[in-house]
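Enquirer: Got a predicted structure plus its sequence, pasted below:
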Amino acid sequence: MKAHVGDRVVVEAVRFGGERRIGIITTVEHTDGTPPYRVHWLNDGRTTLLFPGPETHIEPAR
């Protein structure tokens, strides 16, 4: 997985009734675009360090 600052990250719910999380990547820790990523989450306004799992995908910035 590779990403750039400004890309959208989507984490799908892994259990029934779970919440889909959407955030904007604010920092890419490695120059080659690999994780981890600092993400500002749109649903709660927090910023966290994300090590994406298989339920995660990246949507390029427009």
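Expert: Perfect, I can see it now.
Enquirer: where's the closest residue to Glu12 other than its chain neighbours relative to Arg38, distance?
Expert: Leaving aside its sequence neighbours, Glu12 sits nearest to Glu55 (C-beta to C-beta, 6 or more residues apart in numbering; 4.6 Å). For the C-beta atoms, the positions are set from N, CA and C on the backbone; glycine is no exception. Glu55 is 19 Å from Arg38, where distance means C-beta to C-beta, to the nearest Å.
Enquirer: who's more crowded, the two?
Expert: Neighbour tally, Glu55 and Arg38, criterion other C-beta atoms under 10 Å: the higher count belongs to Arg38, 16 against 13.
Enquirer: Does the more buried one lie in a helix or a strand, and which?
Expert: Taking DSSP states H and E as the criterion, Arg38 maps to strand 37-41.
Enquirer: how about that strand: buried residues?
Expert: 37-39, 41 (16 or more other C-beta atoms under 10 Å).
Enquirer: and of those residues, the nearest to Phe51?
Expert: Tyr37 (8.4 Å; C-beta to C-beta).
Enquirer: Look at Arg21 and say how many residues are nearby.
Expert: Neighbour number of Arg21 under other C-beta under 10 Å is 19.
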